[in-house]
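Asker: mind folding the following:
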Amino acid sequence: MKPILISVTALLMSTGLASAAEPIVGNWKTTLGDTAAIEPCGGGFCITLKSGKHTGEKIGAFEGSGGSYSGKITDPDAKKTYNGTISVSGDTVTLKGCVMKVVCESQKWSRQ
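Answerer: You can find the predicted model right below:
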């Protein structure tokens, strides 16, 4: 029985289903109506645009768990990267990017 349990656990981890429990993982509709995928990468999570004029661009890298994350977010139009945070509440993420922790902007994305 133990070999079967170990095999199932390994399969779940290799397919990413074990990480799917993290609330940030999924496809999100941006304020512009584009789709952004937040997926596990490295030791954290990456944001990649899946639609719109910047399709395929990685625009963020965050670490954290349980609905609270911090890292870097890039404005794809301006090509500028900012320190940022993401918080998850139900089917909404709130992204906040700041310049020197003084000038900040926020966006809310909804789960698709």
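
Asker: quick one: residues contacting Gly44.
Answerer: When contacts are counted by C-beta atoms under 8 Å, 6 or more residues apart in numbering, Gly44 touches Ala61, Phe62, Glu63, Gly64, Tyr69, Gly71. Glycine gets a C-beta too; all of them are placed from N, C-alpha and C.

Asker: nearest the geometric middle of this protein, what residue?
Answerer: Ile38 (3.2 Å; C-alpha atoms, centre = their mean).

Asker: re the thing from before, strands - which of the contacts of Gly44 land there?
Answerer: If you go by DSSP state E, the contacts of Gly44 have Ala61, Phe62, Glu63, Gly64, Tyr69, Gly71 in strands.

Asker: surely the second one meets Asn83?
Answerer: I take that to be Phe62. No - taking contacts as C-beta atoms under 8 Å, Phe62 lies outside contact range of Asn83: 10.7 Å.

Asker: tell me which of the two has more neighbours.
Answerer: When neighbours are counted by other C-beta atoms under 10 Å, Phe62 and Asn83 differ, and Phe62 comes out ahead with 21 against 15.

Asker: enumerate every residue touching Ala36.
Answerer: Ala36 makes contact with Asn27, Trp28, Lys29, Thr30, Ile47, Thr48, Leu49, Lys50, Ile59, Trp109 under the criterion C-beta under 8 Å, 6+ apart.
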